[in-house]
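Student: predicted structure and sequence below. I'll ask about it afterward.
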Amino acid sequence: SFFVKRHELADGSTYVGGYERGKANGQGRRSWPNGDIYEGNFKDGVMEGYGVLTWHDGSGFEGDWEGGKRHGRGDYKTPEGDHYSGMWKDDKRHGKGKQIESGGDMYQGEWVNDLREGKGTYKSADGDSYTGLWRADKMNGHGTYTWADGGQVRRLLSLIRVFSPRRLTPIHARAAHRCG
């Protein structure tokens, strides 16, 4: 049967919410001793469906969860001002998304396994931009690189690797918390 319960877990975290078959199910809130808090849906003890996880450092994710991992559409923000909005798979950016860095750099396009891969546009804070193909987080293939002063190079192939922008800030490396 389903009921609301307050439950202290072995890792020191506290869960308050729907409880069924001995596990967190339905709407609930879990707080960890380090200050991390998740509010949202649970299924069989793990984050599942829509929810918001706020890390103790002020970073946060709001969006879809599957099996305790960010999966589907979601927004991630850091206290420094970095922001990613787009698709996730297994806790990594995957699919279409847009990342804006606190320093002003921006990438919008395709991601695979947390790396820029496929078609995308990068704009640096100083005004340079690149629109074209990416592979393994680097400009690679057909595209156009435009400098802030208006100069352009089109259809770069291997030369594009020379102009590869800095790697965008990795998204929160911590594994998602598990409910037990």
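Tutor: It's in.

Student: output the contacting helices and strands for the strand or helix carrying residue 24.
Tutor: Using DSSP states H and E, residue 24 falls within strand 23-31. With contacts taken as 3 or more C-beta pairs under 8 Å, 6 or more residues apart in numbering; DSSP states H and E, strand 23-31 sits against strand 14-20, strand 37-43. Bear in mind the C-beta positions are built from the backbone N, C-alpha and C, glycine included.

Student: stretch 54-64 spans what distance, first to last residue?
Tutor: Terminal residues of stretch 54-64 lie 14 Å apart, using C-alpha to C-alpha, to the nearest Å.

Student: please state the offset of the strand holding residue 24 from the chain centre?
Tutor: Taking C-alpha atoms, centre = their mean, to the nearest Å, one finds the center of strand 23-31 at 22 Å from the center of the full chain.

Student: please export the C-alpha coordinates of that strand as PDB.
Tutor: Taking Å, rounded to 0.1, in the frame of the first residue of the first chain, the C-alpha atoms of strand 23-31 are listed here in PDB:
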ATOM      1  CA  LYS A  23      10.800   2.200  -1.300                       C
ATOM      2  CA  ALA A  24      10.400   5.800  -2.200                       C
ATOM      3  CA  ASN A  25       7.600   6.100  -4.800                       C
ATOM      4  CA  GLY A  26       5.700   9.100  -6.100                       C
ATOM      5  CA  GLN A  27       6.400  12.700  -5.000                       C
ATOM      6  CA  GLY A  28       9.100  13.200  -2.400                       C
ATOM      7  CA  ARG A  29      12.000  15.100  -1.000                       C
ATOM      8  CA  ARG A  30      15.400  13.700  -0.100                       C
ATOM      9  CA  SER A  31      18.100  15.600   1.700                       C
END
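
Student: next, the angle strand 14-20 makes with it.
Tutor: Interaxial angle, strand 23-31 versus strand 14-20 (axes from the mean of the first three to the mean of the last three C-alpha atoms, to 10 degrees): 160 degrees.

Student: what angle separates strand 23-31 from strand 37-43?
Tutor: Going by the same axes, to 10 degrees, strand 23-31 makes 170 degrees with strand 37-43.

Student: partners of strand 23-31 in the sheet?
Tutor: Its sheet considered, strand 23-31 pairs with strand 14-20 (antiparallel), strand 37-43 (antiparallel) by DSSP bridges.

Student: so of those, which one's packed in deepest?
Tutor: Each of the strands paired with strand 23-31 was scored by mean neighbour count; the highest is strand 37-43, a mean of 21, by mean count of other C-beta atoms under 10 Å.
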